[in-house]
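Participant: make a model of this:
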Amino acid sequence: MIGKTQELYRPNAAIIYQRSDGSVLFCERVNPKGAWQFPQGGIKKGESPLNAACREGMEETGFRPNEYEVVAEHGPYRYDYPPKERERVLRKRGIPYAGQEQHYFLCRMHDDHAEPWLDHKEFNGYRWMQPRDFDRSCLPTFKREVYDRVFRDFFGL
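Facilitator: Below you'll find the model as predicted:
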């Protein structure tokens, strides 16, 4: 469309760690407290979505790629930031992102007893639970639609 500015979406990758019983790792964000999500983060220039997911997962949980096998991927999924979040991201990154475009990777853990060590800058808690038991009201409102699609695409929920 002529005259309309193309909105920018931050490239992002997320990783879902799953045990053999089907439980997956959910992490509680430091800020805002009470918000839960999968480990995720930005894709660096020249980096593939899978490499970004593995890097972010290792930074945030300590799980190394040799501790799991990638079994599925879906995306990209997009969500828009609400106005306050857009302002915060602009201050932090200096780029007027409209939201994020995410690629998700489902990874089966080799050891069902492995536990993450959290990067406490990002997360202050974690839980392994069945996807059907996750209360999506713990998500920021603007992320819920993407999580609904992720739960449908990966877990049939």
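
Participant: skip ahead from the helix or strand of the chain with the lowest mean pLDDT and say which helix or strand is next.
Facilitator: Here the helix or strand of the chain ranked lowest by mean pLDDT, DSSP states H and E is helix 83-93, holding a mean of 91. On the C-terminal side of helix 83-93, the closest following helix or strand by DSSP states H and E is strand 97-109.

Participant: quick one: low-confidence parts of the chain?
Facilitator: 1-5 (pLDDT under 70).

Participant: if we use 50, what do you get?
Facilitator: Within the chain, the stretches with pLDDT under 50 are 1-4.

Participant: list the contacts of Trp117.
Facilitator: Applying Cβ atoms under 8 Å, 6 or more residues apart in numbering to Trp117 gives the contacts Thr61, Gly62. Any C-beta I mention is one placed from the backbone N, CA and C, and that applies to glycine too.

Participant: quick one, strands of the chain?
Facilitator: Under the criterion DSSP state E, strands of the chain are mapped to 8-18, 24-29, 36-37, 40-42, 68-80, 97-109, 123-129.

Participant: tell me what the fifth one is packed against?
Facilitator: On a contact count with 3 or more Cβ pairs under 8 Å, 6 or more residues apart in numbering; DSSP states H and E, strand 68-80 meets strand 8-18, helix 49-61, strand 97-109, helix 144-155.
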